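Trainee: Next comes the sequence, and after it the predicted model I'd like to discuss.
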Amino acid sequence: MVGVAFDERSDRAQLILVGAVAIAFIVLGLAVVFNTVLYTENVASTGAASAPRDAQLLNDEVEVSVKRLAERVNAKGAFGNPVDQTEAYDGITANVSTYSDGLTKVAGAASPAVASVRVSSSSADVTYGARIQDKGGSDFTAPGGAPNWTLMQPPGGDAIVRDFDMTVERSSLTAGGQDAFRVMWSPPSSNENHVVWIYEKSSTSEVAIRTVNDSPQPYRDFSGTECVLPGSDSASTVTFNFSDGNVQGYDACDGQLGPWEAIDNGTARNVTFIRGDSVQGSYSLTMNDEPELNPTLQFQDASLGAGEPFVTWDAWEFEIEVRYDSGQATFTEEYYVEVYNRSR
């Protein structure tokens, strides 16, 4: 009897233990299910909340990308075949369409979303600018050979430069002094001018620059502080990006080009080359309006000789439509893209 009583109590204890373990597993299971529900709801609500932010980030990225794309398309047209307004427009729309296809694929791969962009302006609604260009590796003289000439002159105060790059061949530069090449940027009146002298330092064969500001004699004033581009004696060419105020690969003299950052301020100025026969290379200057050009300049065609400066059309401003649909947020916006406005 005693043994039987012991076995009964042991069985009950085992049943209680098994029941407790079962209850523990049930509670654990409920906890897992409950936490999974909470996690799912949290993820869903987070996705819904982040959708508008994702759409705005995409919109910002598209605006910057389309600007940079348009700059490259404009530059390619200037360096390639003859470009008129229709060809400039076709080049922009075709490349934006290709960019949109890639954007759609990337957005779809990253999340269940559809994104696209297109040029919504007609050709007639696009604002076109003119690009003055010399790519022949010749000197920087005017058509006909004049060494001192004004590339653009705003008679009505409307000509604005947005993009200005220049590559000079070091071996073509003369020593400093009145024979040196310089670029002058000045208003139609007053002495608020900026002149950058570009020459070779005779003692080291390095490229040097001087910036002279607000001089009453900008054509002759050589009083600015000299800045030498270290190591440029071994370079075949040096590239100046006046729009951004820097010399590619030579940070030491960026401060000397500071005044040229005002190019982006929207101020109408004359741009003049002085002693263009003392330098060789290439340059590209984009302005907002064709009537402000030097009248001796021609649009690119087959009649132009090698090394002659010429003009092509640029797409300056146009409207795009951006669309984004993630299922949680739908976003459509139209706005104008100012290609050479770096302040946005």
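Mentor: Arrived safely.
Trainee: Pull the distance from stretch 94-105 to the chain's centre.
Mentor: Centre-to-centre, stretch 94-105 and its host chain are 18 Å apart (Cα atoms, centre = their mean, to the nearest Å).
Trainee: May I have it as PDB, with CA atoms only?
Mentor: What follows is stretch 94-105, C-alpha atoms only, in PDB (Å, rounded to 0.1, in the frame of the first residue of the first chain):
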ATOM      1  CA  ALA A  94      16.200  61.800 -74.900                       C
ATOM      2  CA  ASN A  95      18.800  61.700 -72.100                       C
ATOM      3  CA  VAL A  96      16.200  62.500 -69.400                       C
ATOM      4  CA  SER A  97      14.100  59.700 -70.700                       C
ATOM      5  CA  THR A  98      17.000  57.300 -70.500                       C
ATOM      6  CA  TYR A  99      17.700  58.500 -67.000                       C
ATOM      7  CA  SER A 100      14.000  57.900 -66.100                       C
ATOM      8  CA  ASP A 101      14.200  54.300 -67.300                       C
ATOM      9  CA  GLY A 102      17.200  53.700 -65.000                       C
ATOM     10  CA  LEU A 103      15.500  55.500 -62.100                       C
ATOM     11  CA  THR A 104      12.400  53.300 -62.500                       C
ATOM     12  CA  LYS A 105      14.500  50.100 -62.300                       C
END
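Trainee: What residues of it count as buried?
Mentor: Asn95, Val96, Tyr99, Ser100, Leu103, Thr104 (16 or more other Cβ atoms under 10 Å). To be clear about C-beta, it is placed using only N, CA and C from the backbone, and glycine gets the same treatment.
Trainee: Quick one: residues in contact with it.
Mentor: When contacts are defined by Cβ atoms under 8 Å, 6 or more residues apart in numbering, stretch 94-105 is touched by residues 62, 65-66, 69-70, 73, 114-119, 320.
Trainee: And these, which two are furthest apart?
Mentor: Across the contacts of stretch 94-105, no pair lies farther apart than Val73 and Val114, at 25.0 Å, counting by Cβ to Cβ.
Trainee: quick one, which of the two is more surrounded?
Mentor: Val73 (22 against 15; other Cβ atoms under 10 Å).
Trainee: Surely that one is in contact with Gly91?
Mentor: Yes - the criterion here is Cβ atoms under 8 Å, and Val73 meets it with Gly91 at 4.8 Å.
Trainee: Name the residues contacting each of those two.
Mentor: Here Val73 and Gly91 share the contacting residues Ala315, scored by Cβ under 8 Å, 6+ apart.
Trainee: center of the chain - which residue?
Mentor: Arg68 (4.2 Å; Cα atoms, centre = their mean).
Trainee: List the residues that contact Val114.
Mentor: Shown in contact with Val114 (Cβ under 8 Å, 6+ apart): Thr104, Ala107, Gly108, Arg323, Tyr324, Asp325, Ser326.
Trainee: by contact count, what packs against the lengthiest strand in the chain?
Mentor: Longest strand in the chain by number of residues, with DSSP state E as the criterion: strand 310-325. In terms of contacts (3 or more Cβ pairs under 8 Å, 6 or more residues apart in numbering; DSSP states H and E), strand 310-325 is packed against helix 2-79, helix 85-110, strand 114-119, strand 127-134, strand 298-299, strand 330-338.
Trainee: contacting residues around stretch 145-155?
Mentor: Contacts to stretch 145-155, defined as Cβ under 8 Å, 6+ apart, come from residues 132, 139, 141-142, 159, 161, 188, 219, 268-278, 285, 287, 292-294, 296-297, 309.
Trainee: what residue ranges in this structure score low on pLDDT?
Mentor: For the chain, applying pLDDT under 70 flags the ranges 1-52, 54, 77-83, 109-112, 153-159, 188-191, 258-267, 289-291, 299-306, 342-344.
Trainee: Can you get me a residue count around Thr86?
Mentor: 10.
Trainee: Roughly how far does Thr225 sit from Arg275?
Mentor: Note on Thr225: its distance to Arg275, by Cβ to Cβ, to the nearest Å, is 20 Å.
Trainee: And these two? Which one has more around it.
Mentor: Set Thr225 next to Arg275 and count neighbours by other Cβ under 10 Å: Arg275 wins out with 21 against 10.
Trainee: any idea how far Ser120 is from that one?
Mentor: 46 Å.
Trainee: What of Tyr324?
Mentor: Look at Tyr324 and Ser120: by Cβ to Cβ, they are 15 Å apart.
Trainee: More neighbours: which of the two?
Mentor: Between Tyr324 and Ser120, counted using other Cβ under 10 Å, the more crowded position is Tyr324 (25 against 15).
Trainee: my read: the more buried one touches Asp60, true?
Mentor: No - here Tyr324 does not reach Asp60: they are 11.7 Å apart, not a contact under Cβ under 8 Å.
Trainee: list the contacts for Asp139?
Mentor: Contacts of Asp139 by Cβ under 8 Å, 6+ apart are Pro147, Ser172, Gly276, Asp277, Ser278, Val279, Gln280, Gly307.
Trainee: rerun at 6 Å
Mentor: Gly276, Asp277, Gln280 (Cβ atoms under 6 Å, 6 or more residues apart in numbering).
Trainee: want to throw those residues into JSON lines with distance to Ala208 and neighbour count?
Mentor: As requested, the contacts of Asp139 are exported to JSON lines (distance: Cβ to Cβ, whole Å; neighbours: other Cβ atoms under 10 Å):
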{"residue": "Gly276", "distance to Ala208": "18", "neighbour count": "25"}
{"residue": "Asp277", "distance to Ala208": "19", "neighbour count": "17"}
{"residue": "Gln280", "distance to Ala208": "17", "neighbour count": "22"}
